[in-house]
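> Mind folding the following:
(4 chains)
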There are 2 protein chains.
Amino acid sequence: MKAKITLKDIARELEVSISTVSKALKNSEEISRDTKEKVQAFAKLYNYKPNNIAISLKNKRTKNIGVVIPDIVHHFFTTVIRGIEKYANARGYNVIVCLSEESFDKEVINMEMLANGSIDGFIMSLSSETQEKADYNHLKEVTEQGIPVVLFDRITHEVECDKVIIDDELGAYQATKKFIDQGKKKIALITTDDYLSVSEARTRGYRKALEESPMGIDESLILKLPSMELDEAAIKAFLNKMDPDAVLCVNEIFAVYSMRLVQEKGLRIPEDISFIGFTDGVLSKYANPSLTVVAQHGEKMGEVSAKMLIDKIESEAEEETYQTKILEPTLVIRDSIAH
Amino acid sequence: MKAKITLKDIARELEVSISTVSKALKNSEEISRDTKEKVQAFAKLYNYKPNNIAISLKNKRTKNIGVVIPDIVHHFFTTVIRGIEKYANARGYNVIVCLSEESFDKEVINMEMLANGSIDGFIMSLSSETQEKADYNHLKEVTEQGIPVVLFDRITHEVECDKVIIDDELGAYQATKKFIDQGKKKIALITTDDYLSVSEARTRGYRKALEESPMGIDESLILKLPSMELDEAAIKAFLNKMDPDAVLCVNEIFAVYSMRLVQEKGLRIPEDISFIGFTDGVLSKYANPSLTVVAQHGEKMGEVSAKMLIDKIESEAEEETYQTKILEPTLVIRDSIAH
DNA sequence: TTGTACGCGTTATCAG
DNA sequence: CTGATAACGCGTACAA
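Residues are numbered from 1 along each chain as shown, chains lettered A, B, ... in the order given. You can find the predicted model right below:
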């Protein structure tokens, strides 16, 4: 076992001073060609690499970014992480992932852990509990300490920081419009409670499209589930009772499960009933029939978030100006609607 | 913006020495009750938290663990990360995630980045390119430096370190046996090239079960795809030509796609043809019909890996003894087979 | 009871 | 051209 070699080791071995070694390795003009060659050769031989921790301490820059998300076993978050990781890596940053598991306390603990010097900035999406309690003190503390934060997807307007969201309202609006244009008469919405910022926005888009149409809104066609968890019984009862000819769902799982239910009743998709979901994940792609979805471009979102964060980290500027980037959703047409 | 406060700040403010502050905060017996109270009150007021980086440098322990995996947009890896994260967090460790994207070079670069002091140990699953090249020097270098490594799922026997795998051979054996017991006569296997350690093991289990049966092995019933990427045309041609009555697939996607193909031909599942896949993800659960799978218990795998790694990190012992933990797979019965 | 000095590994400044 | 010194933030053995 050959342990890592340090500047000091090289200096001792070559009988020069530590600072000479340091400069030689940086190809400083101050050092003679002879010494430089000698040092560099030795360093290469013993595979010298500067210690990140020491450099972090000195520079007060860790080159790490903290990502705090509610859940990782979700296609959307997973694609966001990939986007962040790719971009951050290209700029020399590592990504520390922490899961809040939708819990306020975990979110707070994780942030505190990372905020004590482990990271240069945060990228995060709020846990449902945090959105429900509407308590954002942990975020405010961090930003007050001068640690930059980028919120994505599940955001709040109560914290001053950069934000990245997709236009959920627009996505739902376009999807609902699509149904209307196709002549659908009973357009249902399966969503969750409004404290989740995304569900709230999607519901708004759905309402807007219907309000603009001659049909107007039929409140009984809206099913509000308490959380993103699949409540099979509730969906089944709702679909049986309302018998819609089109359904917009705020996620893939609601949609795919609903499709199976109506198929079991003998309905044909998309002839008798059409479906559109949110999130362009594996489920939508491989469902039978494949599911038309409002794609959220998670990877893009991750990249944009990472770029905003790193730009802020590396900008010397003290100006406190924050922006909110709104990405456009796209409708990915598949076989669950006529086309 | 109130920046982080340091021991030095407190010392200056209270006009005592830095070490007094340090000791006072640790409730050291050496310090008078008066001073301790004064210091602790001040520290609480200004929300003092020790700087992780400084502690890392001093202790030569970062309390970070590096996780290097080929892909994060895959249910299995995602559950493993969750398991790692949960366990590691409970023991005070953070998780740095790096993606190799199935590339050898990225794997090497990521490991080098992290090995320079950023982490106390690695948990990793090999990229397909690495397994194909069978070049493990980057792993060997790291272990030689004394950095503990735990390999999971996609492992190699050429590196001496702890390993965690599931018994892929057993899983495939049990699945194939199930088909045989149900009287299936033409049992096909859709797999990938053998350089992927998991595919190789699964193929072995399939072969073993058939060899033990009166049927024996029909090589033409085995489809070997070059990678985990879905090759729709190849699968279609294969299924049309061979017309099997049971299919074992090494992942969910192959299985779900195959199911759709045979359904389009008018075959009934599971009456005419049955399916079993690997990986218990969302796809299997919500497919139509739902897919019977060999569950790999990713979360458990993550926990076990994290425990092995942290135990090794924290054990003073220099003894170089490595173990391989083999987890048992489970067959999750769903509607793609008779039951 | 408190403070001084040193070390973790690196870099930057300044002196020789 | 080379080296000594200080500093990043903390902890601790040792001195006062």
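
> after the helix or strand hosting A:T143 comes which helix or strand?
A:T143 belongs to helix A:137-144 when assigned by DSSP states H and E. Later in the chain than helix A:137-144, the nearest helix or strand by DSSP H and E is strand A:149-152.

> What strands line up against that next one, and which way round?
Strand pairing for strand A:149-152, determined by DSSP bridges: strand A:121-124 (parallel), strand A:162-166 (parallel).

> winner for burial among those?
Highest mean neighbour count of these: strand A:121-124, a mean of 26 (counted as mean count of other Cβ atoms under 10 Å in any protein chain shown). Yep, even glycine has a C-beta here, placed from its N, CA and C like the rest.

> Can you give me the pLDDT of the closest residue to A:F238 other than its chain neighbours?
Among residues not flanking A:F238 along the chain, A:L223 sits closest, at 4.5 Å (Cβ to Cβ, 6 or more residues apart in numbering or on different chains). Per-residue pLDDT puts A:L223 at 96.

> Quickly list what A:L223 is bridged to.
In this entry, A:L223 is beta-bridged to A:I190, by DSSP bridges.

> who are the neighbours in contact with it?
Counting by Cβ atoms under 8 Å, 6 or more residues apart in numbering or on different chains, A:L223 touches A:188-191, A:234-235, A:238.

> run the last query once more with 10 Å
The contact partners of A:L223, taken as Cβ atoms under 10 Å, 6 or more residues apart in numbering or on different chains, are A:188-192, A:231, A:234-235, A:237-239, A:241-242, A:244, A:247, A:249, A:254, A:258.

> Mind giving me the PyMOL command for buried ones among these?
One line in PyMOL is enough to select the buried ones among the contacts of A:L223; burial here means 16 or more other Cβ atoms under 10 Å in any protein chain shown:
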select buried, chain A and resi 188+189+190+191+192+231+235+238+239+244+247+249+254+258
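
> So which of the contacts of A:L223 belong to strands?
Members of the contacts of A:L223 lying in strands (criterion: DSSP state E): A:188-192, A:247, A:249.

> List just the nearest of those to B:K325.
A:T192 (39.3 Å; Cβ to Cβ).

> rewinding a little: name the member of the ones in strands among the contacts of A:L223 with the shortest distance to DNA strand D.
For the ones in strands among the contacts of A:L223, the closest approach to DNA strand D (Cβ to the nearest atom of the strand) belongs to A:T192, at 42.6 Å.

> pretty sure the closest one is touching A:V198, no?
Yes - here A:T192 reaches A:V198: they are 8.8 Å apart, a contact under Cβ atoms under 10 Å.

> Need the overlap of contacts for those two.
Contact criterion Cβ under 10 Å, 6+ apart; residues shared by A:T192 and A:V198: A:228, A:250-251.

> who are the neighbours in contact with A:A188?
Going by Cβ under 10 Å, 6+ apart, A:A188 touches A:179, A:206, A:218, A:220-223, A:238-239, A:242-249, A:258, A:273, A:275.

> Where do the domain boundaries of chain A fall?
What automatic domain parsing lists as the domains of chain A is A:7-50, A:62-165+A:298-327, A:168-296.

> For these, give me TSV that also has distance to A:I337.
Below are the domains of chain A laid out as TSV (distance: least, Cβ to Cβ, whole Å):
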stretch	distance to A:I337
domain A:7-50	55
domain A:62-165+A:298-327	21
domain A:168-296	4
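
> out of those domains, which comes closest to B:F76?
The closest of the domains of chain A to B:F76 is domain A:62-165+A:298-327. By Cβ to Cβ, the value is 10.2 Å.

> Let me know the helix or strand that the residue most central in space within chain A is in.
Centroid check for chain A by Cα atoms, centre = their mean gives A:V80 as the closest residue, at 4.1 Å. Taking DSSP H and E as the definition, A:V80 sits inside helix A:75-90.

> next structured bit after that helix?
strand A:94-99.

> Please name every helix or strand in contact with that next one.
Packing partners of strand A:94-99 (3 or more Cβ pairs under 10 Å, 6 or more residues apart in numbering or on different chains; DSSP states H and E): strand A:64-69, helix A:75-90, helix A:104-115, strand A:121-124, strand B:64-69, helix B:75-90, strand B:94-99, helix B:104-115.
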